[in-house]
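Novice: Requesting a structural model of the entry that follows:
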Amino acid sequence: MKTLLCFLTALSVAACAAPASDAEDTTSSESAATAAAWHAVYRCDDGSVLDVNGNERREIQFVVRNDAAKKHLMRSADPAYFDWNVSPSGEIVYRGRVERGIFYPQDFTRAIAISGRPKVQVGDQWGPTVEITRSGSDITLLANEYVNWTFRNCR
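Specialist: This next block holds a predicted model:
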């Protein structure tokens, strides 16, 4: 009994002597749990990229880097009503999910993705939406029947 009491006392002293940085540890673990590790699945000739989240293979993003494509696609939704998901370097980022995870390039064929959100939320309205489809080495973003863009030689 005396040995058990000494062991428990030593254990409680060790626990009390541990550094009190729980807040820092929680913050870093939350960040690590929610941080996306984006990996390129396809890179197109103009620098645009289709990425998959390495931590959740059903999450995708298409990063539009082509200036002409950005201007054209942004015609699909009025910037007066929508906040676009534009990166600090000026890229438009569309994010979405696929039903099955993407582990190899040929796993991706189609997805629906959004960029940004409405400035004033009305009901369950989404931000600017596109359908992303792959056909051979081309990837097309279709915003509506009048606004689409095909990215060539995506490998």
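Novice: Please report the distance of the nearest residue to W149 once chain neighbours are set aside from W84.
Specialist: Leaving aside its chain neighbours, W149 sits nearest to A69 (4.6 Å; criterion: C-beta to C-beta, 6 or more residues apart in numbering). Heads up, the C-betas are built off the backbone N, CA and C, glycines and all. According to C-beta to C-beta, to the nearest Å, A69 stands 13 Å off from W84.
Novice: what stretches of this structure score poorly on pLDDT?
Specialist: 1-34 (pLDDT under 70).
Novice: can we see that at 80?
Specialist: 1-35, 121-125 (pLDDT under 80).
Novice: show me the biggest strand of it in terms of residues.
Specialist: strand 56-64 (DSSP state E).
Novice: Put the alpha carbons of the helix or strand just after it into CSV.
Specialist: Sequence order places helix 67-73 as the next helix or strand after strand 56-64, per DSSP states H and E. The C-alpha trace of helix 67-73 is given here as CSV (Å, rounded to 0.1, in the frame of the first residue of the first chain):
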residue,chain,number,x,y,z
ASP,A,67,-6.5,36.1,-66.7
ALA,A,68,-8.8,35.7,-69.7
ALA,A,69,-10.5,32.7,-68.1
LYS,A,70,-10.9,34.5,-64.8
LYS,A,71,-12.6,37.5,-66.5
HIS,A,72,-14.8,35.3,-68.6
LEU,A,73,-15.9,33.1,-65.8
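Novice: show me the contacts for the residue nearest to W149.
Specialist: With contacts defined as C-beta atoms under 8 Å, 6 or more residues apart in numbering, the neighbours of A69 are D46, S48, L141, W149, F151.
Novice: Widest-spaced pair of those residues?
Specialist: D46 and L141 (12.4 Å; C-beta to C-beta).
Novice: shared neighbours of these two, anything?
Specialist: With C-beta under 8 Å, 6+ apart as the test, D46 and L141 both reach A69, F151.
Novice: Which of those two has more residues huddled nearby?
Specialist: When neighbours are counted by other C-beta atoms under 10 Å, L141 comes out ahead of the other of D46 and L141, with 24 against 17.
Novice: could you pull out the helices for the protein?
Specialist: 2-17, 22-34, 67-73 (DSSP state H).
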